[in-house]
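K.L.:
below: sequence and its predicted model.
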Amino acid sequence: MSDPHINREFMIFNISELNKINFNEVLETSIDTVRKSVDLTKTFVKWNGLTPPSIQSLTTSEGPYTHNEMLDILSTPEWTDPDLLLYGLI
């Protein structure tokens with residue numbers, strides 16, 4: 001069976017650009033459902049296949065990243081509060 005994440009890509013960007021995202025082009029459903037960095041300054045979206053136009057228009061983008069690269073990024077203190085891990089809250 002093939003990996004469903006094989007063609008999935010991720011883009012990190014400043015939260016100030018969330019209004020540029022066309023949520024019909026990405027796998028997230030709305031501004032309210034995106035994950036945010038611990039300091040609430042960054043977020044990301046994911047998609048399958050070619051980079052959507054709304055993602056291409058971002059000026060603060062970092063990426064694109066693969067699924068495995070994104071897992072590594074999300075495990076850093078910038079994205080996962082170490083205090084929550086310490087107390088078993090996530």
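P.N.:
Structure's in. What do you need? Numbers count the residues shown, from 1 in each chain.
K.L.:
now the nearest residue to Glu9 once chain neighbours are set aside, what's its secondary structure?
P.N.:
Nearest residue to Glu9 in three dimensions, chain neighbours excluded: Pro64, at 4.0 Å (Cβ to Cβ, 6 or more residues apart in numbering). (Each C-beta comes from the backbone N, C-alpha and C, glycine too.) Three-state assignment for Pro64 (DSSP: H, G, I helix; E, B strand; the rest coil): strand.
K.L.:
for this protein, what spans make up the helices?
P.N.:
Taking DSSP state H as the test, the helices found in the chain are 53-56, 67-74, 82-86.
K.L.:
I'd like the average pLDDT over the second one.
P.N.:
The one in question is helix 67-74. Computed over helix 67-74, the mean pLDDT rounds to 95.
K.L.:
now it, how far from the chain's geometric center?
P.N.:
Using Cα atoms, centre = their mean, to the nearest Å, we find the averaged C-alpha position of helix 67-74 to lie 9 Å away from the chain's own average C-alpha position.
K.L.:
would you list the helices of the chain in a markdown table and tack on distance to Glu17 and mean neighbour count?
P.N.:
Supplementary listing: the helices of the chain in a markdown table, determined by distance: least, Cβ to Cβ, whole Å; neighbours: other Cβ atoms under 10 Å:
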| stretch | distance to Glu17 | mean neighbour count |
| --- | --- | --- |
| helix 53-56 | 10 | 15 |
| helix 67-74 | 18 | 14 |
| helix 82-86 | 26 | 10 |
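K.L.:
lovely, talk soon.
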